[in-house]
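Colleague: this is a predicted model, with the sequence first.
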Amino acid sequence: MRRALVVAVVSLAPFAGAGDASAARECDGLDVCISVPGPWVAVPAAPARGTRTVYYQLTCPRGSIVGGVDAVRRDRTLDVRFLGAMGSPINPGITTSRRVLFVATYARTRRTSFRPFAGCIPTSGGGGRGTTFFAAVAPPRAQPPVRRVRTVRVRPGGRRVAVACRRGERIVGSSHAVGFRSRRPPSARLMAGVGAAHRRLNGRVEVRARRGAAVPTSARVVVQVHALCARGAA
């Protein structure tokens with residue numbers, strides 16, 4: 001059985017059910033689905049007359065690919081989308097792979113957050129009638145820039161983490177995101193208590209993250225580092 005890619009990026013009330021995984025619909029329409037919830041990803045305030053963009057990547061378990069996505073947002077004006085590959089028909093294995101990149105764009109001058117979800121489906125296997133599975137499509141030889149991503153926990157005292165491009169690659173872009181693994185969305189004060197900044201150095205991206213005194217020791221904070229890498233010479 002083949003099904004079209006299930007895509008659901010929904011608008012929810014700021015706090016009504018905002019922390020419940022049941023509020024997300026990343027597995028709707030999929031007979032076999034593994035839900036992969038992300039953390040609450042902090043989105044900093046946008047500059048005056050500008051926008052702020054935050055990237056966050058989720059990864060399905062081995063042997064599965066993304067079949068559906070969803071995102072819970074604190075602010076209806078926050079635009080959350082995902083990046084998919086070109087191809088026809090729009091389908092898992094063509095549009096999506098084992099990883100999915102969420103892109104959040106914000107234009108308000110205050111902090112907010114969103115929580116991404118991925119619905120993962122098996123890439124192969126048997127089963128009776130109604131089982132959903134897909135054969136992964138081999139990528140073409142010519143590849144666009146690839147994203148090298150690493151996610152680590154930020155414990156009290158802070159953390160330094162780096163991501164490097166591989167041999168034969170050159171770095172062409174970089175970013176980072178801070179996430180809070182909690183049932184409820186983080187408060188503005190909690191988000192302000194975690195600072196992070198990244199820089200490019202010798203073909204790698206280095207992030208320094210810190211936790212302020214306002215962040216409880218029980219808070220589970222992560223930082224995700226992105227290095228966008230291109231193959232070959234410029």
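Modeller: Structure's in. What do you need?
Colleague: any idea how far residue 86 lies from residue 173?
Modeller: Plainly put, residue 86 is 20 Å away from residue 173 if you go by CB to CB, to the nearest Å. Just so you know, the C-beta spots here come from the backbone N, C-alpha and C atoms, and that holds for glycine as well.
Colleague: who has more neighbours out of these two?
Modeller: residue 173 (14 against 7; other CB atoms under 10 Å).
Colleague: which residues does that one bridge with?
Modeller: Beta bridges link residue 173 to residue 228, judged by DSSP bridges.
Colleague: can you check the one 5 residues further on too?
Modeller: Per DSSP bridges, residues listed as beta-bridge partners of residue 178: residue 223.
Colleague: list the contacts for it?
Modeller: Counting by CB atoms under 8 Å, 6 or more residues apart in numbering, residue 178 makes contact with 41, 42, 154, 191, 194, 196, 209, 221, 222, 223, 224.
Colleague: mind redoing it with 6 Å?
Modeller: Shown in contact with residue 178 (CB atoms under 6 Å, 6 or more residues apart in numbering): 42, 194, 196, 223.
Colleague: one more: residue 53?
Modeller: Counting by CB under 6 Å, 6+ apart, residue 53 makes contact with residue 105.
Colleague: show me the beta-bridge partners of it.
Modeller: Beta bridges link residue 53 to residue 105 when assigned by DSSP bridges.
Colleague: all strands of the protein, in order?
Modeller: 6-7, 34-37, 40-43, 52-59, 64-73, 79-83, 99-106, 112-122, 146-154, 159-164, 169-180, 194-201, 204-211, 221-231 (DSSP state E).
Colleague: out of those strands, which gets nearest to residue 92?
Modeller: Residue 92 sits nearest to strand 64-73 of all the strands of the chain, at 4.7 Å, using CB to CB.
Colleague: chain center to the closest one, what's the gap?
Modeller: How far strand 64-73 lies from its chain's middle: 10 Å, per CA atoms, centre = their mean, to the nearest Å.
Colleague: domains in this protein, by residue range?
Modeller: 6-122, 146-231 (automatic domain parsing).
Colleague: nearest to residue 93, out of the strands of the chain?
Modeller: strand 64-73 (5.9 Å).
Colleague: just the CA trace of stretch 226-234, in CSV.
Modeller: The C-alpha trace of stretch 226-234 is given here as CSV (Å, rounded to 0.1, in the frame of the first residue of the first chain):
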residue,chain,number,x,y,z
HIS,A,226,24.2,22.8,12.2
ALA,A,227,27.0,23.0,9.7
LEU,A,228,25.9,23.3,6.1
CYS,A,229,28.6,21.7,3.9
ALA,A,230,29.2,21.7,0.2
ARG,A,231,31.3,19.2,-1.7
GLY,A,232,34.2,20.2,-4.0
ALA,A,233,35.6,23.6,-4.7
ALA,A,234,33.6,26.8,-4.8
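Colleague: I'd like the average pLDDT over it.
Modeller: Mean pLDDT, computed over stretch 226-234, is 86.
Colleague: same question, stretch 155-175
Modeller: Average pLDDT, stretch 155-175: 92.
Colleague: what about it, start to end distance?
Modeller: 20 Å (CA to CA, to the nearest Å).
Colleague: for stretch 76-94, same thing?
Modeller: Note: stretch 76-94 ends 30 Å apart using CA to CA.
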